[in-house]
Structures are given as structure tokens and as C-alpha cells.
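Enquirer: only geometry, no sequence info:
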């Protein structure tokens, strides 16, 4: 038949093309043709395992950990445990982590949420997402007791000879860079605490540190009369939330709805009162009129 040479040519062409792909490493013997695999969302993973894995940073008084017993506490600890109960999942406090690695760890699925509070900044929003706000915090510049240079004008601190104590990746470091770009930073090691930042200023290794009044109250109780808030006033307020992976809308919706439920029912307010006798926490405004 006249069609036989044409058919034979087509078959040979197909075989040659397949052989080229096989020899080039595109397919190997025993390979299965690729299928459309649907990746499990982080919320589906949490529901399947019944566990929400938490990375965390110890930052008294919000999150504490007894170095001898490992027992944890603090306002954020109680909040996250309550969220777990409402979502019917177990909270696994998986790993204590350095602030600079939280978003890379989240993207690598090492844990599902950072169960510590962080300032929601644009730079962090590039790398992940946030559940919150839980509350708002004023930010102060803390200096040595006899330092009056910045009482009248914070902008005086924006000069090269000025040194801010900072923990890389932590809010104080990010905001010092943003608000005082001409000044320099003196960094403390990862896994340091707020007390280490205050000690840098007290020991004259740095001129100032940007911090919240809650951690300062803890430091001042142990070290009265050493440091003060410059000008005795704050110069900005920031939102505090808990970091989660980016591109996980279902997980964010579940956690955000649970947090809103706890705000609306008064749980968060009662919790903040328990840990804040001086009412330094700035509450989240109700989204309705009474």
C-alpha cells in the first residue's frame, strides 16, 4: 500500500524522539508520567495531624520559660493555648528560634506559626504574614538616667556617632534602622533577651535602645534608677501579631477568626489585665459601636 512508508516514517519519528528524551535524562526506566499533584495546605496538615507546631522566642513578660524545668508561661503562651483548645488542636512548642530565621523556618515547614509577638513591619510582610493585631504597643527610646541629649528632640539621635543597642531581626533593630538611618547599631547575639539590650546601654556600650514599656518595667524592677525613657514620652505605636507562613490564606483565616472570637468575648482583655497592672497595653478597638 502507498500509505505504508508514511506510517512507518511517523512511527520511527516517535521512537527516535522518545529515545532522545530517555537518553537525555528527561525520563528514566520505570518513571511514571507526571500527574497534577495538589499540595497539602498548612491548615490541612494541622487538621490531619491534630497539632499546631509553634516556633517561639522567649521574651518576658509575654513569653517565659523556666531554664530549670522548661515550664512556659506568659500572656502569649496562655493566648495560644486557648486558641488551640478552640480549634481542637494540640499546641506543640516545637523549637526556640532566633528572630532572624523565623520566616525561613516557616517557609521550610519547620513549624506552623511563631507563637511569640512581633511588630508587623513592611519588611517582615515581604517574607510572610501575620495573625493579629493582638494589641498595640508604644515605643520608647531608653537611655541612661543622666542623659538629657534627646529629651527635647529625638531627631538629634540620627547621627553617625549615636549607637543603638539592637538584636538583628528584632523590632528594635528594624525600627532603629528605619527611624535613625544615620546612627550605628551595636548588636547583641541571637537568643539574647530584652534585658541584654538594656544592659548594653547601662554599661555604655550603646547610647540608647528602642523598646516597649513592658520589658522595661521588668528590667527597671531589677535595676532601679539606671535607665529612663528619653523625654518621658513615646514617639510611635506599632501593631503586635504572630508570624505565619505567606500564601496560606486558610490557615490565616482560621487563626484570625479564633483570635477575633477571643477579642470579642473579652478573653484577650482579661488576659492583658492579668499581666499589665499599669495598663500599658493599647487594646484593639472594637469593630462595632455599642
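Expert: Yes, it's here. Bear in mind the structure is a predicted one, so any value in this text is a computation, not a measurement.

Enquirer: average pLDDT for the longest strand along the chain?
Expert: In the chain, taking DSSP state E as the definition, the longest strand is strand 129-144. Strand 129-144 carries an average pLDDT of 95.

Enquirer: counting contacts, what elements does that strand pack onto?
Expert: Judged by 3 or more Cβ pairs under 8 Å, 6 or more residues apart in numbering; DSSP states H and E, the packing partners of strand 129-144 are helix 194-202, strand 209-211, helix 213-222, strand 227-229, strand 236-244, helix 249-264, helix 267-275. From N, CA and C alone the C-beta is placed, and that goes for glycine too.

Enquirer: Just grab the bridge partners of residue 240 for me.
Expert: residue 119, residue 135 (DSSP bridges).

Enquirer: excluding its backbone neighbours, what's nearest residue 138?
Expert: Leaving aside its sequence neighbours, residue 138 sits nearest to residue 234 (Cβ to Cβ, 6 or more residues apart in numbering; 3.7 Å).

Enquirer: quick check, the one you found in a strand?
Expert: No. If the criterion is DSSP: H, G, I helix; E, B strand; the rest coil, then residue 234 is coil and not within a strand.

Enquirer: Helices along the stretch 1-150 of the chain, start to end?
Expert: 4-23, 42-49, 75-87, 102-107, 122-125 (DSSP state H, counting those that start in this stretch).

Enquirer: Check which residues of the shortest one are buried.
Expert: Neighbour counts over helix 122-125 (16 or more other Cβ atoms under 10 Å) mark residue 124 as buried.

Enquirer: Tell me the gap between it and the middle of its chain.
Expert: 10 Å (Cα atoms, centre = their mean, to the nearest Å).

Enquirer: Could you tell me which other helices and strands it packs against?
Expert: Right, helix 122-125 is packed against no helix or strand by 3+ Cβ pairs under 8 Å, 6+ apart.

Enquirer: Could you list the residues in contact with it?
Expert: 103, 118, 130, 174, 243 (Cβ atoms under 8 Å, 6 or more residues apart in numbering).

Enquirer: Which of the helices or strands spans the fourth one?
Expert: Pointing back at residue 174 there. helix 171-179 (DSSP states H and E).

Enquirer: now what about that helix, what contacts it?
Expert: Residues contacting helix 171-179 (Cβ under 8 Å, 6+ apart): 118-119, 121, 123-124, 139, 158, 164-167, 183, 185, 187, 197, 209-211, 235-236, 238.

Enquirer: quick one: contacts for residue 248?
Expert: 41, 42, 43, 129.

Enquirer: List buried members of the residues you listed by neighbour count.
Expert: Using 16+ other Cβ under 10 Å, the buried ones in the contacts of residue 248 are 42, 43, 129.

Enquirer: what about residue 114, distance to residue 241?
Expert: According to Cβ to Cβ, to the nearest Å, residue 114 and residue 241 sit 10 Å apart.

Enquirer: quick one: which of the two has more around it?
Expert: The neighbour comparison of residue 114 against residue 241 (other Cβ atoms under 10 Å) goes to residue 114, with 25 against 21.

Enquirer: Could you report the pLDDT at the residue nearest the centre of the chain?
Expert: For the chain, residue 243 is the residue whose C-alpha lies nearest the centre (Cα atoms, centre = their mean; 3.8 Å). On pLDDT, residue 243 comes in at 97.

Enquirer: In contact with it: list those residues for me.
Expert: 102, 103, 106, 113, 114, 118, 124, 128, 129, 130.

Enquirer: Let me have the residues you listed in TSV, adding distance to residue 287 as columns.
Expert: Shown next, in TSV, are the contacts of residue 243 (distance: Cβ to Cβ, whole Å):
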residue	distance to residue 287
102	28
103	28
106	28
113	23
114	25
118	23
124	24
128	24
129	20
130	17
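
Enquirer: By neighbours, which of the residues you listed wins?
Expert: Busiest of the contacts of residue 243 [other Cβ under 10 Å] is residue 113, holding 28 neighbours.

Enquirer: so it sits right up against residue 131, yeah?
Expert: Yes. The criterion here is Cβ atoms under 8 Å, and residue 113 meets it with residue 131 at 7.1 Å.
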